[in-house]
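Participant: structural data only, the sequence is not supplied:
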């Protein structure tokens, strides 16, 4: 049933703001589904191109990989326009509230499965970049959406509040690197990579 499933990428530009700093960033927003229904992954900066990419499809959910403002900027707006729930791991509630103090979201849980277009997205809680950072693994397609947990070149940044380097390394080593090496990694910023390509870029943990 996955033959008609496609993955679309929308890139939007804006700012990431945390700890009193502001950085210009380009974000990947991923849409996975078929001609009838779709899941939107992340909600960065500008709702219009995301809504345009959805078209007339039913949106099962807007899933936010974590609560940094550049990944949730327009999540409430998308929820209203697309009549879809916003899903975010509750460990990132404080980050969500910093951007959207009065907007609701629904909790995302580790091992949760989200069905769309005859496939399932498996939620993998990968704390470190933020406490609630989560990836979405699609076994039927051999694809992993990593948000800011894993990039082409190594782990996501951990130099800001609520982040922790040993934790992100442990998350990647224990939960992501065991996936098949040919798994395509679609990231929150920048280029795709694979699990096999990133293995050498993740240092061993000190046990």
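Facilitator: Everything's here; your move. What you see is a predicted model; the values in this text were computed from it and never measured. Residues are numbered from 1 along each chain as shown.
Participant: look up phi and psi at the residue minimising distance to the centre of the chain.
Facilitator: The centroid of the chain falls nearest to residue 65 when counting by Cα atoms, centre = their mean (3.0 Å). Here the main-chain torsion angles of residue 65 (degrees, to the nearest 10) amount to phi -70, psi -30.
Participant: surely it and residue 145 touch.
Facilitator: Yes - counting by Cβ atoms under 8 Å, residue 145 is a contact partner of residue 65 at 6.9 Å. C-beta coordinates here come from the backbone N, C-alpha and C atoms, glycine included.
Participant: now for these two: what residues contact both?
Facilitator: The contact sets of residue 65 and residue 145 overlap at 41, 135, 136 (Cβ atoms under 8 Å, 6 or more residues apart in numbering).
Participant: the last one - that's part of a strand, no?
Facilitator: Meaning residue 136. Yes - membership of residue 136 in a strand is supported by DSSP: H, G, I helix; E, B strand; the rest coil.
Participant: residue numbering should commence at 173 henceforth.
Facilitator: Sure thing, new numbering starts at 173, so read that last one as residue 308.
Participant: that one against residue 297, yeah?
Facilitator: No - with contact defined as Cβ under 8 Å, residue 308 does not count as touching residue 297 (10.9 Å).
Participant: which of these two has more neighbours?
Facilitator: Taking neighbours as other Cβ atoms under 10 Å, residue 308 and residue 297 compare with residue 308 leading, 24 against 18.
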